[in-house]
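K.L.:
dropping the sequence and predicted coords here.
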Amino acid sequence: MSFVHSIQFSGFSFRAAKPTDLDLVVALMAEQNTQDYGEPGVSSEILRARWETLNLAQNTWLALAPDASLAGYVELTPDPPNSFDMSLYLANNPQQVELGAYLLNLAEQCATPALPIYTRVSAANTAVMQIFRDAGYISRLSFLTMKRSLETSPEPAQWMPGLTVRAFASGLDEQAVYRVDEEASVDKGYHAPMSFDQWARRMNLYSPDFDPGLWFLACHRDEIAGVALNFYAANSKTAWIDHLSVLRSWRNQGIGKALLLHSFGIFHHRGIQQVCLSVDSKSLTNAPRLYAQVGMETILEYHIFKKG
């Protein structure tokens with residue numbers, strides 16, 4: 001597909017990414033992520049694995065400055081079967097907003113018109129927010145990132161009588177944990193139902209980095225009442241509470257708090273010194289209040305934008 005340049009940038013060139021661009025793109029992404037979120041959030045290994053699933057010629061675009069430095073990168077990722085994800089990264093440049101708008105337009109022309117496009121933007125990145133808003137994207141969902149130090153031992157978890165906690169057993173618990181996580185997630189106002197395969201991909205269940213020792217199940221006999229599905233990000237030395245889910249029939253009995261404190265205790269025992277999570281700022285279950293009760297503090301906010 002060819003594009004007619006509606007905006008002229010003197011000396012800039014635009015093309016699809018190539019495998020040899022990997023390190024340049026990682027550096028740009030890491031720089032913006034660090035400014036927006038406080039950590040790089042990407043590595044050469046992570047991006048290489050993602051690029052292996054993309055058609056670089058159709059799903060990626062670079063903006064190269066006159067000195068051949070990377071001024072911008074946009075990536076359009078199909079999210080089967082019903083949407084696309086858009087990622088936009090920009091170097092500091094006097095034409096940053098115009099370059100970003102042009103890259104976004106290139107990527108949008110390769111999306112399926114009938115399907116929505118989603119993107120995540122840090123509240124601290126006013127330039128990128130302006131680009132998406134000007135292009136007709138709307139945000140009705142915002143998330144808080146919360147953090148707690150684990151340099152000192154956390155308080156022990158307190159469990160209601162009859163409940164026990166254990167680690168996830170690979171090969172045994174996949175389907176049961178999927179059902180609990182999906183059922184509990186219905187009360188997240190933004191949740192879209194997932195098949196088991198979609199859920200497994202989202203949770204990196206079959207990734208070489210998956211650690212079943214960081215997934216915890218609160219159980220009453222053979223019934224799973226709630227789960228804490230966590231992971232460790234080695235590049236930032238941070239533990240993440242990815243999904244904390246308690247079934248409706250078991251809520252308001254301290255299970256969520258106990259799962260959090262149990263997770264903190266395991267992280268601390270492993271020598272991990274900080275834990276983070278993301279939570280809907282307008283959570284229907286008032287989750288930010290629970291996280292504050294266990295010592296977590298809000299460190300930043302980001303928005304989910306949608307078009308279509």
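P.N.:
That came through fine. Residues are numbered from 1 along each chain as shown.
K.L.:
CA atoms for contacts and neighbours, from now on please.
P.N.:
OK.
K.L.:
for the chain, just list every one of the helices.
P.N.:
Using DSSP state H, the helices found in the chain span residues 22-37, 44-51, 56-59, 96-108, 126-134, 174-185, 196-202, 255-269, 287-293.
K.L.:
can you tell me which of those helices is nearest to Pro78?
P.N.:
Nearest of the helices of the chain to Pro78, taken as C-alpha to C-alpha: helix 56-59 at 8.7 Å.
K.L.:
so the closest residue to Glu151 other than its chain neighbours versus Gln96, what's the distance?
P.N.:
Take Glu151 and drop its neighbours on the chain: the residue closest to it by C-alpha to C-alpha, 6 or more residues apart in numbering is Gln273, 5.0 Å away. According to C-alpha to C-alpha, to the nearest Å, Gln273 stands 37 Å off from Gln96.
K.L.:
go on, Val42?
P.N.:
For Val42, the distance to Gln96 - C-alpha to C-alpha - is 22 Å.
K.L.:
and what of Asn105?
P.N.:
Distance, Asn105 to Gln96, by C-alpha to C-alpha: 14 Å.
K.L.:
same thing with Glu182?
P.N.:
Distance from Glu182 to Gln96, by C-alpha to C-alpha: 40 Å.
K.L.:
bridging residues for Leu141?
P.N.:
For Leu141, the beta-bridge partners under DSSP bridges are Ile304.
K.L.:
so who does it touch?
P.N.:
For Leu141, the contacting residues are 190, 280-281, 303-305, by C-alpha atoms under 8 Å, 6 or more residues apart in numbering.
K.L.:
only whichever of those residues are buried, select them in ChimeraX.
P.N.:
Here is the ChimeraX selection string for the buried members of the contacts of Leu141, based on 16 or more other C-alpha atoms under 10 Å:
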select :280,281,303,304,305
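K.L.:
in the contacts of Leu141, find the pair that's most separated.
P.N.:
Taking C-alpha to C-alpha, no two of those sit farther apart than Ser281 and Phe305, at 14.6 Å.
K.L.:
how about stretch 227-240: buried residues?
P.N.:
For stretch 227-240, burial by neighbour count (16+ other C-alpha under 10 Å) applies to 227-232, 238-240.
K.L.:
output the below-cut-off pLDDT ranges for this protein.
P.N.:
Scanning the chain for pLDDT under 70 picks out 1-8, 189.
K.L.:
and it, what are its domains?
P.N.:
With automatic domain parsing as the criterion, the domains of the chain are listed as 13-136, 146-301.
K.L.:
quick one: distance of the longest one to the chain centre.
P.N.:
Taking C-alpha atoms, centre = their mean, to the nearest Å, the mean C-alpha location of domain 146-301 is offset from the chain mean by 15 Å.
K.L.:
now do stretch 275-286: everything it contacts.
P.N.:
Stretch 275-286 is contacted by residues 141-150, 187-189, 238-242, 264, 287-288 when judged by C-alpha under 8 Å, 6+ apart.
K.L.:
turn the helices of the chain into TSV, including distance to Leu247.
P.N.:
Below are the helices of the chain laid out as TSV (distance: least, C-alpha to C-alpha, whole Å):
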stretch	distance to Leu247
helix 22-37	31
helix 44-51	33
helix 56-59	39
helix 96-108	39
helix 126-134	36
helix 174-185	5
helix 196-202	17
helix 255-269	10
helix 287-293	14
